[in-house]
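Engineer: make a model of this:
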Amino acid sequence: MSEKDPLLSQGSRRRRRRLPPLVSFGLVLGGLAGISGLWIWVFSPIFVTPIDFHARHKTFDRALREVLQARGEAASKLPPWPGQLSADRLAVLACAESEVVRAVRQTPNWQHVDFPWGDLPAHLGTSADMMVRCFRALDLDLQQMLHLDRKTEPKRYPLELLTKKQPDKSMDHRRVSFLFVFAKAFLPEAPVDLDTPEQAAVFLPGDIVFWSQGGREGYPGLVGIVLDRRDEAGMPLAATLVPDEGRASGAHRLDEWPIVGHFQLDVDKTLERFLEKYPGAPLEPRPAPPNP
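Structural biologist: As a prediction, the model looks like this:
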């Protein structure tokens, strides 16, 4: 009675058999690597370049909207938008998206910055700083260009809004009202009406929009960049930094505030107009990055 059945003993041994330690370790390591990779791909834009993040976010956003709207009848009635985008527009979009991803914090106070190509720390700024940074993605330094025009044509600018009326290399390009004046002089203007989806479709990704929000004496107080996303009604969204919110955002509709100005992103035309006014302008190129 005390003897064990050999078949039962063999079955028991089979049930107790485990995977080799190296195989178990490999499976656990592979699972952790897969989870980490998925986490980085979906939730960690700091591990990718702004351009890659923008492309990934755009693909995800469009897929999500298609699922939520189920390609509804309302969406099918919207005019085609935005179409094929130029490299310049993609570069500006990537810059605007990176400002939103970094959640740039509102810092309107005067701070000394270098000249030319000077800037605040990347996590600080205003809506004006966003515009300046994104034009620098196209190798246009509005700090230099606006300073030259400000010195040459001072009556063009709303100096009555300032206490100190002397040119300020650290601040003039950070004033929304001054950027608006500069844009009217050198950027191609576009319609500002937003009453219909067809009119909204004229606002292309990368375009510059000025709103009256926070402005004074007829000048705008907020500037933003049109994104390549729109809501279910066909209204494009924009990246900007609203002072009351304190952080850069890409979720504002273009019609959220009255539009004061709409300007097309056209580097060639902007440079052509500027150099017609200032032939041989002494503009310093972007400095080379420091050696590591």
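
Engineer: how many neighbours does residue 290 have?
Structural biologist: By other CB atoms under 10 Å, the residues close to residue 290 number 5. Bear in mind the C-beta positions are built from the backbone N, C-alpha and C, glycine included.

Engineer: mind checking the SS state of it?
Structural biologist: Recorded secondary structure, residue 290: coil (DSSP: H, G, I helix; E, B strand; the rest coil).

Engineer: look up how far residue 209 lies from it.
Structural biologist: To residue 209, residue 290 is 35 Å away according to CB to CB, to the nearest Å.

Engineer: swap in residue 129?
Structural biologist: 16 Å.

Engineer: next: residue 270.
Structural biologist: Using CB to CB, one gets 16 Å for the distance from residue 270 to residue 209.

Engineer: got it, and residue 79?
Structural biologist: Between residue 79 and residue 209 the computed distance is 19 Å (CB to CB).

Engineer: which of those two has more neighbours?
Structural biologist: Set side by side, residue 79 and residue 209 show more neighbours around residue 209, with 24 against 12, by other CB under 10 Å.

Engineer: surely residue 81 touches residue 201?
Structural biologist: Yes - using CB atoms under 8 Å as the test, residue 81 is close enough to residue 201 to be in contact (4.6 Å).

Engineer: just the residues contacting whichever strand or helix holds residue 198, thanks.
Structural biologist: In this structure, residue 198 is located in helix 197-200 according to DSSP states H and E. The list of residues contacting helix 197-200 from outside it, by CB atoms under 8 Å, 6 or more residues apart in numbering, reads 77, 78, 79, 191, 193, 194, 230, 233, 234, 235, 236, 254.

Engineer: residue 141 is in contact with residue 283, isn't it?
Structural biologist: Yes - taking CB under 8 Å as the contact criterion, residue 141 and residue 283 are neighbours in contact, 6.8 Å apart.

Engineer: which neighbours do these two share?
Structural biologist: Counting by CB under 8 Å, 6+ apart, the shared contacts of residue 141 and residue 283 are residue 116.

Engineer: how about the helices in this structure?
Structural biologist: Taking DSSP state H, the helices of the chain run over residues 6-15, 21-43, 50-69, 73-76, 87-101, 127-136, 142-152, 176-186, 197-200, 267-277.

Engineer: over to residue 157: give its phi and psi.
Structural biologist: Main-chain torsions, residue 157, degrees, to the nearest 10: phi -100, psi 150.

Engineer: mind checking how far it is from residue 178?
Structural biologist: Summarising the geometry, the distance separating residue 157 from residue 178, computed by CB to CB, is 6 Å.

Engineer: and residue 220, by the same measure?
Structural biologist: For residue 220, the distance to residue 178 (CB to CB) stands at 11 Å.

Engineer: now do residue 161
Structural biologist: Taking CB to CB as the measure, residue 161 falls 9 Å from residue 178.

Engineer: likewise for residue 133?
Structural biologist: As judged by CB to CB, residue 133 and residue 178 stand 16 Å apart.

Engineer: so between the two, which is more surrounded?
Structural biologist: Using other CB under 10 Å as the criterion, residue 133 and residue 178 rank with residue 178 on top: 26 against 20.

Engineer: isn't the more buried one right up against residue 146?
Structural biologist: Yes - under the criterion of CB under 8 Å, residue 178 lies in contact with residue 146, with a separation of 6.2 Å.

Engineer: mutual contacts of the two, please.
Structural biologist: Where contact means CB under 8 Å, 6+ apart, the residues bridging residue 178 and residue 146 through contact with each are residue 172.

Engineer: got any ranges where the chain has weak pLDDT?
Structural biologist: Residues of the chain that meet the criterion pLDDT under 70 lie in 1-19, 23-26, 33-34, 36-76, 291-292.

Engineer: 90 instead?
Structural biologist: Judged by pLDDT under 90, the chain has its weakly predicted residues at 1-77, 288-292.

Engineer: which strand in it has the most residues?
Structural biologist: The strand that spans the most residues within the chain, counting by DSSP state E, is strand 222-230.

Engineer: now the common contact residues for residue 157 and residue 178.
Structural biologist: Contact with both residue 157 and residue 178 is made by residues residue 150, according to CB under 8 Å, 6+ apart.

Engineer: show me the contacts for the spatially most central residue of the chain.
Structural biologist: The residue lying closest to the centre of the chain (CA atoms, centre = their mean) is residue 96, at 1.3 Å. Residues counted as contacts of residue 96 (CB under 8 Å, 6+ apart) are 130, 134, 225, 227, 239, 250.
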